[in-house]
Structure formats: C-alpha cells, structure tokens
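Chemist: turn this into a model:
(chains A, B and C)
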Amino acid sequence: MIGVGRVLAADLLVAQNIAFYLIAVGMVIAAVRVVTVKNMVHAALWLVLVLGGIAAQFILLAAEFIAITQVLVYIGAIIVLFLFGIMLTRAPMDRSPDLDHPKQARVVGAAIGLVLLAVMGYALWDGFEDRQFGQILVQRTAQVSDSIFSTYLLPFEVVSVLLLAALIGAIVLARRD
Amino acid sequence: MLVNQFLFLGAILFCIGVYGVLARRNAVLLLMSIELILNSVNINLVAFGALWHANDPSNLSGQVFALFVIAIAAAEVGVGLAIVLMLYRTRRSIDVSEVDLMKG
Amino acid sequence: MDQNAGWFLENAWIIPLIMAGSFLTILFFGKRLPERGTAGIGIVAVGVCLVLSLGVATQWVQRVNDPPVVEHGTSTEGAGVHGADAGEPPETGGPHDGPAVEQPGPVGVEGEHAAAVSLAVPAAAEGGEHHEVPPVVNQITWFQNGGVEFKVGTLVDGLTAMMLVTVTIISLLVHIYSREYLHGDVRFTHYYAFLSLFTAAMLFYVMSSSTLQMLVGWELVGVCSFTLIGHWWEEKKNTDAALKAFLTNRVGDVGLLLGVVVTFFAAGGTFEILEINGYALSPGANQTLLLVGALLLFGGVTSKSGQFPLHTWLPDAMAGPTPVSALIHAATMVVAGVYLIARLYAVFFEGLNIGANAINYVALIGGVTILVGASLAFVQHDLKKVLAYSTISQLGYMVMALGVGAWTAGVFHLFTHAFFKAGLFLGAGSVSHAAHHTFDMREMGGLRKHMPATFATFVICTAALMGIFPLAGFWSKDEILAGASQGQEQAYTLMLIMGAIGALLTAAYMTRAIYLTFFGEYRGHGTPHESPRIMTIPLWILSFGAVTFGFLNFPKVLSLPEGLTTRFEHFVEPTFLFPEIEHPTFNPVLAIVSTLLAALGFALAYQYYWLGRSPLAGLSQKSGFRQGYVLLQNKYYLDTLYTDIIVGATKGPIARASYWFNQYVIDAIVNGAGRISVAIASVLYREVDQQVIDGIVNGCGYVSESSGQVLRRMQTGKVQQYAALLFAAAAVLAGAFIVAVSL
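Modeler: Numbers count the residues shown, from 1 in each chain, chains lettered A, B, ... in the order given. Sure thing, here's the model as predicted:
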C-alpha cells in the first residue's frame, strides 16, 4: 500500500509538471501573440488564453478560490470590457498595420524586456535555485475568507472604497456631456 | 514542482507585458499588456502563498493579496477604458503616440 | 481591570465624547437657535466636562493615596513581544523597569469589544515609601491589520487628570467670555462649534493611550486652530495668518509623524505609550533609535509649542478672536508639545541622556526660545503680540525644564501658566472690547481709571507671570530655575543663566505693556468703558488661580507637614514606567535672586516709563540711576536695536562700505584706467570684443540652446517613452542591487 502511495505521489508530481509545462508554453505563446498580433480582436482572444492558463496554474497551486475568481473576473468581465472598448472605439475588426510603433521602438522595447528578464531570472535563480514546493495543501475558500475578513479587513475596506471611486470615475469620464 | 517554475513563468509574462506596453500604439492593446503584467504578479503572489501555506496553514496572505490585485486591476481597466473612450471621442483615434500635449 | 480604579477614571472617554456631541449639535442646529442657545449648549457641555474632570482628578488623588495592590505580572503576550524585541528579558530589579503587562479583561456588557487592560508591575523590589501607581488604561481594539492590533483608549494618570481639569476650566471660562465678546458676530455658530470641537480634540489628545491616537488629536486641534485663526477670513491678513500657522505646523508634524513611526518600530511594533516608555527604560533599549525618535518628536514640539525657530506662526495666530488666543494659543493647544514630551518622557530622558549631561538639544532650544520670545516682546505695539511672544518665552521655560530633567517643574509651570496667561489674554480682549477693537497700545493708555476690574486682574496675572513672590508663577518658575541649577548629575548652568535673564526680561516687558495700556493719558478715540460682568468674572476666576495655584506645589521648607508640600509633584508626576529623576530642592537664595531679578526688571521698566517720560526725566540723568538708565536705554531701544543691528547690520555698514569702495577704489581705478582704456579700447574692440567675447557669448548661447534641444527631446510627452525610461532605469537599478549584493 505504502509503495503504491509513493508511486501515486510521484506519478502525480510528474503529471503536475507535465500539466504545468504544457500550459506554461501555451501561455507564453499566447502572451507573445497578444503583444504582436495585428488584429485587435484576436489579441483580446489570445489574452483569454493567457488568463485561462493562469487560472489553470492557480489550480495546480491548489488555490481554488482565486482560480475561480480569475475566471469570473478576467475572462467573464474584463475581456468583455476589452471587446466593448474595441467596438466602441470603432477599431477595425481585421488586420490593421498601425497597432505597433515603428521597428526601432519595438527593438528598444524588446531590449528592455530582455534586460528585465535577465535581471529577474538571475535574481530568481540566485534566490530559489531548485527549491521544491513540498506538499501543496489545498487552500480552502473558507480560510481565504477568514483571512480577508479578520487579518486584512482594513485593506479590504480600502479596496472597496477604491472600487467605488473607480466606478464613479469611470462614469464621470465616459458619459457624454 | 519547483518554486522557480512559477516564478519564471511570471517573469516571462511580465517581460512580454513590458514589451507590449512599450511597442503597442493602440491604447486598448496597451491596457491588455498592462493586464499581462498584473497577472504575472498574481502568479508570483499565489506561488509564494502556496509556499507559505505549506509551512503555516493559517497564512493565506499570498492569495488575499492576489485578490486585491484582481480588484485593483478591474478598477484600472474600468477607468482606463473610460479614458480611452474619452480619447476616442475627442480625437477620433486611440493612438497613444498622438497624445503628446505634455511635450517639452 | 482594576476593581478599585473608580468610575471616573475608567470612563474618562465620555468627556471628549460630550464635547464632540456639543460640536455636532451646534454645527447642525446652531443656526436655528438664538445666540444664547448656541452658547448655552457649549457652556453646559464644558461645564459637565469640568465636573467629570474634577471627578477624574478626585479619584486619581484617592488612587495615589490608596494605591491598588499590584499583582505580580503574569507573563502574557505583551511582555513576550516586548522582551523578545529588547533582546533580553526585561530586568525586574528596578522599580521602574519592566514592560506593561496586558491582561484581557471581561468583555463589555453592550457587546462592545472592551478589552480593559490592567497594568501590573513585575515583582519590584521597592523602597519602603516608593509606591507605584499605574495609570488606569481602558482600551478597545480600533482596527487590526496584518495581524497587528491598533487600539484606542484612555490612559488616565495624574498628568492626564491635571490636563483635563486645566483644559475644561479654561475652556469653560472662554466659552462664557466669548458669549459677550463675540456677541453679534457673523459666524457666532461656527465659532462655538469649533470651540467645542477644539475642546473635544484637546481632551481626546491628553487622554490618548497610544501615540497614533495622540497624532489624531494633535492634528484635530491643529485644524481647529486653523479655522479659528481664520475666523474673520474676509481680511486677507487673517487667512494668511491661518495658513501660516497651519503650514508651519506641517513642518513640525512631519517630524512628529516620523517620530511616531520610529518609536513604533523601536518598541517592537507598538503604539502604546506605556509600552514605548517601558521599552525606553528597559536595559536593552537602543539608545540611537531613542535619540532619533526623541529628536523627530521634538520637531513636532518645536512647531506646535512655538519653539525657536518655528515659533513665528504664534504671534500671527493672534489674528483670531481673543478668547481663542487665550484658550488655544496660550493655555492649551500650544502646550500640546510640552505635554508630548511629558507623556513620552522616558523616550526623551533616555534618548537625550538628560540625566548625565550638562546640556542637551531640548534644554538648549527651550532656553533660546525664552530669550528670543522675551526680547521680541519688547518691540511689539500690539498688546496681544506682546502676550504671544510672552507665551513663546514661557513655553521655552516649560521645554527647558523638561530638558533639564525637572519634569514636575515644567508641567507645573504649564499648569500655572495656563491660568495667568489665559487671564492676560482675556484681559487684553476686555481692553480691546472697551477701546474699539484695537490692540494697538499706542491707542490705549490711561485705561486704569476706566476699567478697574480689568486693570486689577491684568496686574495680578502680570505679577504671577513675572514671578512675584507668593503668586503662582513664582513657585513654578523658581522650581524650573532650581531644577536647572541642580540638574541631575550635573548642573545645567547655561540653562540657569538663560532662565534668570528670561525672568528679568519678562518683568520688564510686562511692565512696559501695563504702562502703555493702563497708565498715562488715553490716546484712543471715544470713551472707554468697563466690560460687562460676563467678561470680568472669568478674569477674576483666572486671577484667583494665578494667586493661589502656586501653593499646590509648595516646596519642602520650614519643616511643613508632609501633606502640605509638593502635592502637585506627589499626585501628578507618574511613578509608573517613568525615569528616575532627582527632584530639585528648594533653594532660598535662588528664589530670592530670581525675585530680585524680576524686581530689577520691573524697576528698570518703571524708571523708563514712569520716570523717564515724566518731568523728572532730567533727574534720572543726574541721579544714581544713571547707569540703570543707560542699561534701560539699551534694553528699550530694542525697537531701534532691531532696526539697527538686524536691518542695520545688513544694510548700513554694507551700504557705507560699498559707498566708500565706490568713491575711492572704483573711482580711482576708473579715472586711472579711463585714459589707458581709451587707448586700448579701440584695439580691444576690434580684436577681443568682436572675436573672443562675442565668440564666448555666442558659444554659451549655442551650448545652452543645443543642450536644451537635447534635453527637450526627452520630454516628448509620449507616455511610452517615459515608460521605457522607467523600465530601463528599474532594470539598471535592479542589476546594480544584484551586483552590490553579490560583491
């Protein structure tokens, strides 16, 4: 029995790793498409893939509540907002050449991105090397809510106020006078 | 699983987002790139949260902060798109390179 | 919870609440009420507060007389956190060491989360007569964040009780007085509302149990001060004064805020005053952190309590209505800084090492402020400004006293000063009420005959301020001087000299003010008249305080019984978590000297004003007073002294020097050079000017223009270029950090 359990745990780990890398590669490809694709609607749809992938990674990290929230808020609401934004600004629905800056600006952007990646990569590898997660415990929704409504009550209230302010601000900005 | 798997994924997404912010001209695409950046931060937060949670089951700070980031990102997109709409209405274009009234 | 702490001590929070209620009531319903009703609400509210405060004081006296039996501190959370931070467990040997120990009390009946805290002393090897009387602390959790609880509550001890009584008495008198003084004012309601809010904030401040809470009260009194200085905002001068007060205070408040943060982290993540004091006294305390914390906190004291060099707002603050000046800018709010030092005395005492030094920053600033304030008081024509500078000078005494370790003397002076200075300000208001709303002493004079009551009270309060023998100011000022002369381990000699000179100056400038206001011929318009009784009664009450309150701390002389001497010290000075300080003993020689100095100041001023301008002026030239007269001239030409030395030093000599330089050096050079230059000029013009100079000038223009063009290119207004710079800079910075760390 114990042997079986070990095998199962090891299999699970392998499965987790496979799942991680599959999703991660998909996410990176999708993310690159988001920032390079010539069609705005396509960019929004690629973004869905990235956000969905992140939700999947959250599941792998046994963070169920935030995974669901990710799907609800990002894919459910924010993507819709983006599509509305695209339509309301009468963006062309097909390929358009003027979405990007000229080439030299893109090269500078890419260079800055790569330098940042190098710096961060070095720092991360220096800091964590091959540290394992160990056993990831499921982080229950009840625990999350306990944490928010006791330890982090004040930031929660502040965020509520911020959301209200953003709501009012968006209405004030967007309405026609 | 390695902690670094998730951290590197976050770093890569962050840098792709940075590239997007710098290379895109279209304001809506700019906002999408900012979403990428914010999400990469969330991956880090949740990964660290899981790491902490394994040591101390009562500690869920990572997830809680990721939730706050989501809330703030939602507010940001709302206000950001409102600004883009304003921009479109006044200029008939959402090309950020044309918005340079603050030039020296 | 202490079973025998007493109702008033535990429920002190009701007092500011009443005033806050009064504020809201006046704010919302004041407009619909007649003046009598509006003022009535305020007066009744303060009256109730006064009664409650007296209850608090009485119960505190009982508590000191009959100290609670203190259980030995059980090791609880507070002690654990504290001890861990201090690096080593707190020593329980000395009677003053050891942190506050919290014990969660019973939950309040109304479901209110009332965690009462009783503070127990760890097993203390006490000397026979040395009883520790812990303050009564009653707290609830305000909010918690990230696992840290922020508490709000009351901390009541002798200092708090004294401040409560002082604030409520003076506030009550000012409320009554304002009823007539502001009669018919456009913003009568607004005035009373903010008077109530101020009183609430001040009471809240003095009973705060945490530094965070003190910060709230501190800022609230600041806001009230701002609105009341600008009460008559139609005049630009008044709004300017309000803004100046507010902004000058901001400067100091930055220090205060940082000081609160520093003490928070120093004491191991707590805002609790008792824990901070406990940390400061613990043997493992970090001296440097305490020093930094004390200096930062003193920044707040410097602005709020009008210490040099941030005292400049206080004279301008006299633009507000006079009762406000009496309450806020003389008796209560400006002593908030002094109270802060007194409350967190362990931090200041240990941080500045007051016990072992002969000079320190706080004492020095206090001493300088005494002299600056007193000397400036000479040159004012505005009666209120004389009093304002006098207040600055007296605040200097308090701060200096705390700086030299004479805690009781400083706080006692705060107490006595509140009464006689409020009396002086209200007296000035009464004068102005009579003399057609002017404070210019050049338009007064001879009011003695017209306003006997105001005159009498003004003289009594002045005598108290000068430190004339049996009046209140004598005892407190003398105690400060004794404290400076005896110090802790070393005498603070410089402070003693400063204080003694201050006593001389105080007597002189107050004599001048009295002369100009009440003696000589009336120089204003119309016929002055005595103020109505509603204004003079508060004056008499304050004068009564100015006469008698000095006896509350009667020194130990003539082998008087124990129960009569140093009562103030006995009841007000904390015994719990308080540094061990030496109390100065009464020094008859010093007392006589300081009185003589005051008398000398009075005599000199008398000479100048009564005799100097009388037909006897010539006599003083011949008589033996001549030397004193010369001294007087030097003193009293301060008006011209200021213009001569300060303005003149910058203007006169420099102008003369440049004139001389112009006449002799330049002229000679010009004349001599003239002939040569004419000859050379033509050559120069062709060769040097056209070629070199023009080249340089044009070159400069070209360089600045082209560099501007280059720099301008960075300011494209394009957000994304800024973002690119931002990210690039962040990357470079992060890389630099990595390199720095791995090296």
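
Chemist: remind me which residues of the chain are low pLDDT?
Modeler: Because you didn't say which chain, this covers chain A. A:1-8, A:177 (pLDDT under 70).

Chemist: right idea, wrong chain: chain B
Modeler: In chain B (pLDDT under 70), the answer is B:102-104.

Chemist: rerun at 80
Modeler: Along chain B, the parts satisfying pLDDT under 80 run over B:1, B:97-104.

Chemist: residue closest to the middle of it?
Modeler: Geometric centre of chain B, nearest residue: B:Leu38, 2.4 Å, by Cα atoms, centre = their mean.

Chemist: so it makes contact with B:Ala66?
Modeler: No. B:Leu38 is beyond contact range of B:Ala66, at 9.9 Å (criterion: Cβ atoms under 8 Å). Bear in mind the C-beta positions are built from the backbone N, C-alpha and C, glycine included.

Chemist: just give the nearest non-adjacent residue to the residue nearest to the centre of chain B, would you?
Modeler: What sits nearest to B:Leu38 in space, not counting adjacent residues and going by Cβ to Cβ, 6 or more residues apart in numbering or on different chains, is B:Ala73, at 4.6 Å.

Chemist: just how off-centre is the strand or helix carrying that neighbour within its chain?
Modeler: Using DSSP states H and E, B:Ala73 falls within helix B:61-91. Here helix B:61-91 shows a centroid-to-chain-centroid distance of 9 Å under the convention Cα atoms, centre = their mean, to the nearest Å.

Chemist: contacting residues around C:Phe265?
Modeler: C:Leu289 (Cβ atoms under 8 Å, 6 or more residues apart in numbering or on different chains).

Chemist: ok but it is inside a helix, no?
Modeler: Yes. Assessed with DSSP: H, G, I helix; E, B strand; the rest coil, C:Phe265 lies in a helix.

Chemist: distance of it from chain B?
Modeler: 20 Å (Cβ to the nearest Cβ, to the nearest Å).

Chemist: quick one, what contacts residue 55?
Modeler: Picking chain A for this. A:Ala67, A:Ile68, A:Gln70, A:Val71, A:Tyr74, A:Ile75.

Chemist: I was thinking of chain C, sorry if that wasn't clear
Modeler: So C:Gly55 contacts C:Trp7, C:Phe8 (Cβ under 8 Å, 6+ apart).

Chemist: got it, and A:Leu114?
Modeler: B:Cys15.

Chemist: if I look at C:Gly735, how far off is chain A?
Modeler: Relative to chain A, and taking Cβ to the nearest Cβ, C:Gly735 is found at 5 Å.

Chemist: which element, helix or strand, includes that residue?
Modeler: helix C:719-742.

Chemist: buried residues, that helix. List them.
Modeler: Of the residues in helix C:719-742, C:Val719, C:Gln720, C:Gln721, C:Ala723, C:Ala724, C:Phe727, C:Ala728, C:Ala731, C:Ala734, C:Gly735 count as buried by neighbour count, 16 or more other Cβ atoms under 10 Å in any protein chain shown.

Chemist: nearest residue to the last one other than its sequence neighbours?
Modeler: In this case it means C:Gly735. A:Val119 is the one closest to C:Gly735 (Cβ to Cβ, 6+ apart), at 5.1 Å.

Chemist: pretty sure that neighbour sits against C:Ala736.
Modeler: No. In terms of Cβ under 8 Å, A:Val119 does not count as a neighbour of C:Ala736; the distance is 9.7 Å.

Chemist: let's see the pLDDT reported for the residue of the stretch 51-200 of chain C found nearest chain A.
Modeler: Relative to chain A, the nearest point of the stretch 51-200 of chain C is C:Asn145 (4.2 Å; Cβ to the nearest Cβ). With respect to pLDDT, C:Asn145 scores 73.

Chemist: cool, and C:Asp253?
Modeler: 89.

Chemist: what does the helix holding C:Gly735 rub up against?
Modeler: A:101, A:105, A:108-109, A:112-113, A:115-116, A:119-120, A:122-123, A:126, B:18, B:21-22, B:30, B:96-97, B:99, C:714.

Chemist: pull the contacting residues for the spatially most central residue of chain C.
Modeler: The C-alpha lying nearest the average C-alpha coordinate of chain C belongs to C:Ser305 (Cα atoms, centre = their mean; 1.7 Å). The contact partners of C:Ser305, by Cβ under 8 Å, 6+ apart, come to C:Val334, C:Val335, C:Ala336, C:Gly337, C:Val338, C:Leu395, C:Met398, C:Val399.

Chemist: then stretch A:113-121 to CSV, C-alphas only?
Modeler: These are the backbone C-alpha positions of stretch A:113-121, laid out as CSV (Å, rounded to 0.1, in the frame of the first residue of the first chain):
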residue,chain,number,x,y,z
GLY,A,113,12.1,43.4,-21.8
LEU,A,114,15.0,41.1,-22.3
VAL,A,115,17.3,43.0,-19.9
LEU,A,116,14.5,42.9,-17.3
LEU,A,117,14.0,39.2,-17.8
ALA,A,118,17.8,38.6,-17.4
VAL,A,119,17.9,40.6,-14.2
MET,A,120,14.8,38.9,-12.8
GLY,A,121,15.9,35.5,-13.9
